[in-house]
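[1] Return atomic coordinates for the entry below.
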Amino acid sequence: MNIRSLTRGDGVLIGAAVVLFIASFLGISGCDAPGNYCDSFDSAFSWELSPLGWGSFLLGIAGAALVVLSRALPQPRKVAGLELGQVGAAFSVASAWTILMWVFESTNVGAGLVLGLIASLAGAAGAIAGPLVPALQAPLLGAPRPQTPQPYGMQPGQPGQPGVPGGYGYPGAQQAAPYGAQPDPSLGGGQPYGAQPQPAPGPQDAAPQQAQAAAQAPAGDFAPFWFAVPAARPLYAEDGSAAPIAELAPGAWYLAVEQRGQALIAQTQDGRRGVLQDTTGIQRG
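    Modelled structure (predicted):
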């Protein structure tokens, strides 16, 4: 279960279930009698009345739990031919309807019924409107920003990083030559003690070297990048099989390592690679 796959609609259902549970322990009847009588009046709460507590409040809590569980599972589960989300939505609507009937039939409504009615209506609305309203489909928790990987064996702030004194790219610092390359004589490096410095290569000598370097450069201009998906997307195998090998969930970052037309070759956190065919609306890191 990926907690980052929860949406705002799931947050509404979780909040409604918590409020409904609290309301079940509050009094269901009020008191309009004189103060002395009301001080000694002890109103019953929902669990003391089985049809109300077990038939209305518990039904709403169970409905919210089933809807959230159905959206968090990677594969939908069914009960008697119905998905868990459909059963949970029916429970939430039934809970709101029965609590509303208790309010209509009560002569003096207490805080438990009022708060329970508000929570049950919010839960029913979240269960039904969650898959339909785009604002409720947004991730409940924002995706974490991917950290820039450090070179192997290098710690943050160590010389050799951009902006660190004495490191590569720092103004005034001597640039390290690649392995196997000749040091630049203009910087005074690589000359034996007592040897005469060699003249710097002129434009005529640099032109063939630049042409050779351009010929050896890779032709593709694709650079790997991090991305997140707005909704659950299947990841297919690279051999073209129709069965998905994984599912990319919203709220997590994945690495795009290659591009094939409109599709991307993505790598999951556990190292699996596959083809992401639907790249619409992805968020680049």
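[2] wait, what's in contact with the residue lying closest to residue 88 once chain neighbours are set aside?
    Distances taken as CB to CB, 6 or more residues apart in numbering place residue 66 nearest to residue 88, at 3.0 Å, with adjacent residues excluded. Heads up, the C-betas are built off the backbone N, CA and C, glycines and all. Neighbour list for residue 66: 84, 85, 87, 88, 91 [criterion: CB atoms under 8 Å, 6 or more residues apart in numbering].
[3] Quickly name whichever of those residues is closest to residue 48.
    residue 91 (21.9 Å; CB to CB).
[4] What is the neighbour count of the closest one?
    By the criterion of other CB atoms under 10 Å, residue 91 has 23 neighbours.
[5] On the three-state scheme, the closest residue in space to residue 244 that isn't next to it in sequence is what?
    In space, and not counting its chain neighbours, residue 244 is closest to residue 234: 3.7 Å by CB to CB, 6+ apart. Secondary structure for residue 234, judged by DSSP: H, G, I helix; E, B strand; the rest coil, is strand.
[6] so who does the closest residue to residue 79 other than its chain neighbours touch?
    Nearest residue to residue 79, sequence neighbours excluded (CB to CB, 6+ apart): residue 87, at 5.7 Å. Contacts here follow CB under 8 Å, 6+ apart; on that basis residue 87 touches 63, 66, 79.
[7] so what's the backbone phi/psi at residue 242?
    Dihedral pair for residue 242: phi -80, psi -20, per degrees, to the nearest 10.
[8] Helices of the chain, start to end?
    Here the chain has its helices, by DSSP state H, at 8-23, 35-40, 50-52, 58-72, 84-105, 111-129, 203-216.
[9] And the nearest residue to residue 269 once chain neighbours are set aside, how far from residue 68?
    With CB to CB, 6+ apart as the criterion, residue 269 has its nearest non-adjacent residue at 7.1 Å, and that residue is residue 252. As for residue 252, its distance to residue 68 is 18 Å (criterion: CB to CB, to the nearest Å).
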